[in-house]
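[1] Here is my input, please return the structure:
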Amino acid sequence: MKILPAKLLLVSAMALALSCTAVYADDKVSAQEALNNARQEAQIHTTFALSPYLRAHDLKVQVRDGKAVLSGYVAEEVNKELAGAIASGVEGVKSLDNQIVVDANYQQPNRGKQRGYGEVVSDASINAAIKSKLIWSKYADGMDLTVTTEDGHVVLAGNVATAETKQLAEKLARDTHGVRSVKNQLKISDKAVNGSNYRNADAASGTMMADSWITTKVKSSLLYSRNVSGFDIGVNTDKGIVTLDGTVSSGAEKALATELAHNIRGVKSVDASKVIF
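    Sure, this is the predicted structure:
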């Protein structure tokens, strides 16, 4: 048996250690890249699922080393462009190979009664928006109702104090992004006045609402509206007086923006003279 010199053994051991370190480093980089690829694919898939224009399509996504490859079928070119824009906008995606085929005769896959992730999230968002608008409304006292949404179809059920309140609830629901229809099953009842789920204690007791709170709720109400371009309207509140400014498409949109602002608790008056169209 041949005995290797100590110096040679030391050099061999160092070489082996360096080799193992290099392999470990390569494995570590590969694992990190795989994690990044999976994260980017998941983000693109989730955004597709949330998009009302893409969620019904059977699209596939693969990301490797910063390159996103899209495949599948859509009925219109604009949907292919939208999918590409979504994928390109994900952090870490450096290039795009959009292989999605545009087929005017494409038939969306039949999923039966199974509801997709995007549909569930959209319905939950609609519910939250309607409930929020009712809570914020100065005219919502006396409401004791429930809001349910399925595939954009809203059902209002429960009790309200007056016919005007019933109409208000339906109007606020109809003017919400994503709502396809509203079934108003609210009943007018004296019982609603004493058991409201939507009564704001501060407003009911006459406490002045903070200007910052009013501004936030007015902005949110405008953004939730399907008939108002909320991003184009600025909101400022001073001692309960709300001032709106910006650009809208018509006098009807300006009137609706004014009405939505005036509807918020704590608002004394609304100045929309700076809103132009």
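[2] In whichever strand or helix holds residue 126, which of the residues would be classed as buried?
    For residue 126, the host element (DSSP states H and E) is helix 117-136. Buried residues in helix 117-136, counting neighbours by 16 or more other CB atoms under 10 Å, are found at 118-119, 122-123, 125-127, 129-134, 136. Heads up, the C-betas are built off the backbone N, CA and C, glycines and all.
[3] Save the residues you listed as CSV, and put in pLDDT too.
    Formatted as CSV, the buried residues of helix 117-136 follow (pLDDT from 0 to 100):
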residue, pLDDT
118, 68
119, 74
122, 84
123, 88
125, 87
126, 89
127, 91
129, 91
130, 93
131, 91
132, 91
133, 92
134, 90
136, 91
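[4] Any chance of CSV for the residues you listed, columns distance to residue 188?
    Below are those laid out as CSV (distance: CB to CB, whole Å):
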residue, distance to residue 188
118, 36
119, 33
122, 31
123, 27
125, 29
126, 25
127, 23
129, 24
130, 19
131, 20
132, 23
133, 20
134, 16
136, 22
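[5] Tell me the one of the residues you listed nearest residue 163?
    residue 134 (16.3 Å; CB to CB).
[6] Can you name the residues that contact that closest one?
    By CB atoms under 8 Å, 6 or more residues apart in numbering, the contact set of residue 134 is 140, 143, 145, 147, 169, 172, 198.
[7] again, only this time at 10 Å
    140, 143, 145, 147, 156, 165, 168, 169, 172, 173, 197, 198 (CB atoms under 10 Å, 6 or more residues apart in numbering).
[8] Now do the helices in the chain.
    Secondary structure of the chain (DSSP state H): helices at 6-50, 77-88, 117-136, 163-174, 191-194, 201-204, 211-224, 251-262.
[9] Any buried residues in the last one, and which?
    Meaning helix 251-262. The neighbour-count check on helix 251-262 (16+ other CB under 10 Å) flags 253, 254, 256, 257, 258, 260, 261, 262 as buried.
[10] Nearest residue to the last one in space, ignoring adjacent ones along the chain?
    Going back to what we said before, that points to residue 262. Of all residues not flanking residue 262 in the chain, residue 270 sits nearest, at 4.8 Å (CB to CB, 6 or more residues apart in numbering).
[11] Check the gap between the one you found and residue 236 for me.
    11 Å (CB to CB, to the nearest Å).
[12] Neighbour count: those two, which is higher?
    residue 270 (21 against 15; other CB atoms under 10 Å).
[13] That one and residue 245 touch, don't they?
    No - using CB atoms under 10 Å, residue 270 is not in contact with residue 245, being 11.7 Å away.
[14] joint contacts of the two?
    Counting by CB under 10 Å, 6+ apart, the contacts common to residue 270 and residue 245 are residue 235.
[15] Next up, the contacts around the residue nearest to residue 64 when sequence neighbours are not counted.
    Nearest non-adjacent residue to residue 64, counting by CB to CB, 6+ apart: residue 37, 6.1 Å away. By CB under 10 Å, 6+ apart, the contact list for residue 37 reads 62, 63, 64, 65, 66, 67, 68, 92.
[16] Now neighbour count too, for these, in TSV please.
    Shown next, in TSV, are the contacts of residue 37 (neighbours: other CB atoms under 10 Å):
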residue	neighbour count
62	15
63	23
64	12
65	10
66	13
67	13
68	25
92	13
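[17] where do the contact lists of residue 270 and residue 236 overlap?
    With CB under 10 Å, 6+ apart, residue 270 and residue 236 have common neighbours 218, 242, 243, 244.
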